[in-house]
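Trainee: Task: produce atomic coordinates for the following.
(one chain, ligands or ions: 1)
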Amino acid sequence: MFTITAQGKTFTCSRGENLRRVLLQHNIDLYNGQAKLINCRGIGSCGTCTLEIEGEVSQANWKDKARRSLPPHSPQKNRRLACQTKVNGDLKLTKYDGFWGQGDHVVWTAE
Ligand code: FES
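Mentor: Numbering: from 1, shown residues only. Predicted coordinates:
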């Protein structure tokens, strides 16, 4: 089991679990504002589930890389799509502002 810390909550999950599903199960505010309602439900196309991840996760797949290469995202930023990411270790997460989570201001951190 691995420990996930996000938005001041700590919980566990198994290796290989989908990060988006784990966060929603634990009522973490993965989406900013209206993105809670308007998102692709995890198919990797909307780009609103982005997070900064500290810890071990799966390699970025082509959907993750492709979506984050398009504005308003930037491949230069250290973000990942939660819906395309599998948990492979203990994680600490940070969410940034903006509809797509593309901003530079922190919305919430791990603690
Ligand atoms: S939920 Fe749309 S890209 Fe992750």
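Trainee: For the rest of this, base every contact and every neighbour count on C-alpha atoms.
Mentor: Fine.
Trainee: which ones are touching residue 104?
Mentor: Residues near residue 104 by CA atoms under 8 Å, 6 or more residues apart in numbering: 96, 97.
Trainee: Going C-terminal from the longest strand along the chain, what's the next secondary structure element?
Mentor: Determined from DSSP state E, the single longest strand within the chain is strand 87-96. Past strand 87-96, further along toward the C-terminus, the next helix or strand under DSSP states H and E is strand 106-108.
Trainee: Residues touching that next one, excluding its own?
Mentor: Here strand 106-108 makes contact (CA under 8 Å, 6+ apart) with 6, 7, 94, 95, 96, 97.
Trainee: Can I get those residues in a markdown table including distance to residue 48, pLDDT and neighbour count?
Mentor: As requested, the contacts of strand 106-108 are exported to a markdown table (distance: CA to CA, whole Å; pLDDT from 0 to 100; neighbours: other CA atoms under 10 Å):
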| residue | distance to residue 48 | pLDDT | neighbour count |
| --- | --- | --- | --- |
| 6 | 17 | 98 | 23 |
| 7 | 17 | 98 | 18 |
| 94 | 14 | 98 | 21 |
| 95 | 11 | 98 | 27 |
| 96 | 11 | 98 | 22 |
| 97 | 10 | 98 | 16 |
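Trainee: Near residue 106, how many other residues are there?
Mentor: 12 (other CA atoms under 10 Å).
Trainee: ok, which stretches of the protein are strands?
Mentor: Assigned by DSSP E, the strands in the chain fall at 2-6, 9-13, 50-57, 80-81, 87-96, 106-108.
Trainee: and among these, the most buried is which?
Mentor: strand 80-81 (a mean of 24; mean count of other CA atoms under 10 Å).
Trainee: All set now, cheers.
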